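Chemist: Predicted model, plus sequence, below.
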Amino acid sequence: MVRFIFSLIVTSSIALAKLTFSSHPQQPIQDDGIQVISPIRDALVKSYVIPEVLDDFYPTFTLYIAYPPTHTTTRLGNNVTTNHTWTTPVLEFHHLSRPPMSPMPALQTENVYTVALTDPDSRNHDGSRSEMCHWIVSNLSNMELSPEYHPFELEHNVDDYSPTPIRTFTPEVLVPYLAPWTHNGTDPHRLVFVLLEGNSSTANNVTVPRDRKDWGYGERGYGVRDWATENGLHVVGANFFWVENGGW
């Protein structure tokens with residue numbers, strides 16, 4: 001299995017690698033008459049990430065987030081304190097429909113990915129919510145589709161290897177990482193990492209939000225959902241944690 005890890009802590013270099021809960025019942029998606037149940041989606045529904053932050057969707061990628069200095073990971077709703085999230089995280093994502101060591105799919109290098117981090121529980125001085133943009137990394141290519149990253153398969157299928165060049169993309173930090181924070185005495189915030197998929201025609205045209213607050217729309221109720229729609233990106237994965245001030 002091939003993994004993406006993009007480390008942007010100091011030099012923005014890229015490296016490969018890894019409010020309150022409700023007792024909502026599981027709400028499976030109806031897909032051609034078949035109930036599709038996803039543990040990832042279920043966690044997002046339970047925490048109201050769906051529908052407050054994202055429209056309902058069926059996750060096709062897992063998204064793993066880690067903060068190496070503190071060994072903190074994002075696990076679909078775990079609790080974290082702000083002293084563990086002050087550095088830029090690293091990330092990786094994997095396609096859910098492809099088991100390890102399964103035959104390599106046909107190359108589809110037109111797919112390009114963006115990871116965005118948003119805080120839907122950020123507050124204004126009057127106590128009202130104002131969704132905050134904390135990080136955007138764009139132009140991530142799906143290297144899982146590249147033969148050079150499948151040593152096992154190359155070893156056993158040398159005759160199938162084609163040296164045809166594969167288009168690669170240079171990851172771009174559109175919005176630098178902003179460490180999350182909460183005020184003392186306030187409820188924990190949901191920090192939501194969203195994996196967005198587009199194609200090569202949209203990769204170079206992703207716009208930078210005009211402001212972090214309300215994702216630059218200047219009105220309450222706007223956020224990553226609106227920005228993704230505006231840029232022709234659709235959600236294929238997500239992860240999140242609850243963060244509260246403390247630990248220093």
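Modeler: The structure has been received and is ready for your questions.

Chemist: What are the boundaries of the helices in this protein?
Modeler: Assigned by DSSP state H, the helices in the chain fall at 39-46, 49-52, 151-156, 200-203, 224-230.

Chemist: and L174, which of those helices is closest to it?
Modeler: Closest approach to L174 among these (CB to CB): helix 224-230, 10.4 Å. Placement of C-beta: from N, CA and C, glycine included.

Chemist: Touching that closest one from outside, list them.
Modeler: With contacts defined as CB atoms under 8 Å, 6 or more residues apart in numbering, helix 224-230 is touched by 53-55, 116, 118, 131, 133, 192, 194, 196, 207, 209, 215-217, 234-235.

Chemist: Those residues, buried ones only, as a ChimeraX selection?
Modeler: Those of the contacts of helix 224-230 that count as buried under 16 or more other CB atoms under 10 Å are selected in ChimeraX with:
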select :53,54,116,118,131,133,192,194,196,209,215,216,217,235
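
Chemist: Among the contacts of helix 224-230, name the ones in strands.
Modeler: Members of the contacts of helix 224-230 lying in strands (criterion: DSSP state E): 116, 118, 133, 192, 194, 196, 234-235.

Chemist: Count residues in the vicinity of V224, would you?
Modeler: Residues within reach of V224, counting by other CB atoms under 10 Å, total 27.

Chemist: nope, T229 is what I meant
Modeler: Residues within reach of T229, counting by other CB under 10 Å, total 11.

Chemist: Can you show me the strands along this structure?
Modeler: According to DSSP E, the strands that the chain contains are 29-31, 34-36, 61-67, 72-73, 78-81, 90-95, 111-119, 132-141, 172-175, 189-199, 234-244.

Chemist: JSON lines for those, including mean pLDDT and distance to S47?
Modeler: Listed next are the strands of the chain as JSON lines, based on pLDDT from 0 to 100; distance: least, CB to CB, whole Å:
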{"stretch": "strand 29-31", "mean pLDDT": "47", "distance to S47": "17"}
{"stretch": "strand 34-36", "mean pLDDT": "46", "distance to S47": "19"}
{"stretch": "strand 61-67", "mean pLDDT": "94", "distance to S47": "15"}
{"stretch": "strand 72-73", "mean pLDDT": "94", "distance to S47": "17"}
{"stretch": "strand 78-81", "mean pLDDT": "95", "distance to S47": "11"}
{"stretch": "strand 90-95", "mean pLDDT": "90", "distance to S47": "20"}
{"stretch": "strand 111-119", "mean pLDDT": "95", "distance to S47": "13"}
{"stretch": "strand 132-141", "mean pLDDT": "92", "distance to S47": "17"}
{"stretch": "strand 172-175", "mean pLDDT": "94", "distance to S47": "23"}
{"stretch": "strand 189-199", "mean pLDDT": "95", "distance to S47": "6"}
{"stretch": "strand 234-244", "mean pLDDT": "96", "distance to S47": "7"}
